[in-house]
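*Asks:* whatever this is, show me its structure:
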Amino acid sequence: MIIPREQIYSALFTTLQSALGSKFATMSRRWRMPEEVSPESRPALFQVQTGERAKTNATGEPIIWIATVDLVIYTQGSGDEQTIPSQELNTLLDAVEAAIAPPPGSDGKQTLGGIVSHCRLQGSTRITENVNGAAAMAVVPVEIVTTA
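*Replies:* Residues are numbered from 1 along each chain as shown. Here you go, the predicted structure:
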């Protein structure tokens, strides 16, 4: 990659922090299991690197790198029997989608400040309700595309 990997992953996290800092009690690049996150530390969002894939061809064009990140979200949850765990989660998922959306005037691309070709939600979000009681969790896949 032309841009150092750490700069790319850091830019994604900074983008998320700027847009979502008021919505999450905890935001970190160091993932923790649900039972390790106290109710006071929720809702929580963790950015987890999950892989990188290179696309090449025989014509000598630059390598295209596709990096994948999971955003792991834990809701605060409620002891109220009438509260549906996914209600809080749905609001947080909407906020994450908005945070990664292309900024106005960007030709429809989120480029993390011009350092990548694309950063976008890509793939299936996995949702689990009733994690450790009344909380919910989601794993949101993000794809980052850049060239070498």
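
*Asks:* flag the shaky bits of the chain, pLDDT-wise.
*Replies:* Counting by pLDDT under 70, the chain shows low-confidence ranges at 1, 131-133, 148.

*Asks:* give the residue farthest from the middle of this protein.
*Replies:* Here the chain reaches farthest from its C-alpha mean at Thr59, the gap being 33.8 Å by Cα atoms, centre = their mean.

*Asks:* so who does the nearest residue to Met27 once chain neighbours are set aside touch?
*Replies:* The shortest distance from Met27 to any non-neighbouring residue, by Cβ to Cβ, 6 or more residues apart in numbering, is to Leu45 (5.0 Å). For glycine as for every other residue, the C-beta is placed from the backbone atoms N, C-alpha and C. Contacts for Leu45 (Cβ atoms under 8 Å, 6 or more residues apart in numbering) come out as Leu16, Leu20, Phe24, Thr26, Met27, Ser28, Leu71, Val72, Ile73, Leu92, Val96.

*Asks:* for the second one, give me its contacts.
*Replies:* Same thing as Leu20. Met27, Leu45, Ala95, Val96, Ala99.
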